[in-house]
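> build the 3D model from these lines:
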Amino acid sequence: MLAARRFIVRGRVQGVGFRYFAEHTARAEGIGGWVQNQPDGSVEVFAEGDRASVDRFEAKLRHGPPGARVDSVSVDDDTPSPRLGEFTIRP
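Just a heads-up that it's a prediction; the model follows:
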């Protein structure tokens, strides 16, 4: 069963490789979607894939890469769109 979620990750998550960590983690899980920095210092992530993979991805986002400090993660369920494709980093 497909799942899609939108995450807003807050804390020290910019300038620490968080987007690259999210991209690597998503590709390892076979998840499509994207990640991008936000002007307020947070990172926004959209992820779509099978439910178990998205659950594992979310757990890893909550820890982040070395050097990051994740203070909070807001999660909203979204509508899956199987045509999304690969996971990418947005500017």
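> any weak-confidence spans in this structure?
Within the chain, the stretches with pLDDT under 70 are 82-84.
> tell me which residue is most central in it.
residue 45 (3.9 Å; C-alpha atoms, centre = their mean).
> isn't residue 37 up against residue 14?
Yes. Assessed by C-beta atoms under 8 Å, residue 37 is found in contact with residue 14 at 5.3 Å. C-beta coordinates here come from the backbone N, C-alpha and C atoms, glycine included.
> surely the residue nearest to the centre of the chain meets residue 6?
Yes. Contact between residue 45 and residue 6 holds when scored by C-beta under 8 Å: they sit 7.1 Å apart.
> now do the strands in the protein.
2-12, 32-37, 43-50, 69-78, 87-89 (DSSP state E).
> these: which one's closest to residue 21?
strand 32-37 (9.0 Å; C-beta to C-beta).
> what angle do that closest one and strand 2-12 make?
20 degrees (axes from the mean of the first three to the mean of the last three C-alpha atoms, to 10 degrees).
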